[in-house]
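> my questions concern the predicted model and sequence given below.
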Amino acid sequence: MNQIQARDGNTMFKRVSKAAARKLYESGAPVVLCPVKLFPFGGFRPSFLVQRNKAEEESRAKYGLDVPGFNDVVQDFEWYNCNLNETGKYAAFYVAV
């Protein structure tokens, strides 16, 4: 994994592994997803911020709806955004430093 740091406005982000991103997501911290070959806060803004919402999960579970987990979110992101050789075939994960 490449050690990459990126800045979005005044916030600095660093690239982390998928396991570290999963732990942070489960604890409620925001995680940025980006196709691996693209710069996360570049011109076309290919990045996507995800954060666990416990209130929404409880509401969905109350009505018997499926509650998407970290793997579901990543799989959906990769399906729609990481399907070209130019972008890469998987997601890279960034968290605020």
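That came through fine.
> quick one, phi/psi of the residue nearest in space to the middle of the chain?
Centroid-nearest residue in the chain, with Cα atoms, centre = their mean: residue 33, separated by 2.9 Å. Phi and psi for residue 33, reported as degrees, to the nearest 10, are phi -100, psi 140.
> ditto for residue 43
Taking degrees, to the nearest 10 as the convention, residue 43 sits at phi -60, psi -40.
> how near is it to residue 67?
35 Å (Cβ to Cβ, to the nearest Å). C-beta coordinates here come from the backbone N, C-alpha and C atoms, glycine included.
> and the two? Which one has more around it.
residue 67 (11 against 7; other Cβ atoms under 10 Å).
> tell me the pLDDT at the residue lying farthest from the centre of the chain?
No residue in the chain sits farther from the centre than residue 63, which is 26.4 Å out by Cα atoms, centre = their mean. Residue 63 is assigned a pLDDT of 92 by the prediction.
> ok, it - contacts?
With Cβ atoms under 8 Å, 6 or more residues apart in numbering as the criterion, no residue contacts residue 63.
> quick one, strands of this structure?
5-8, 11-16, 31-35, 48-50, 91-96 (DSSP state E).
> return the set of buried residues in the helix or strand of the chain at the bottom of the mean pLDDT ranking.
Sorting the helices and strands of the chain by mean pLDDT, DSSP states H and E puts strand 5-8 at the bottom, at a mean of 86. For strand 5-8, the neighbour count (16 or more other Cβ atoms under 10 Å) marks residue 6 as buried.
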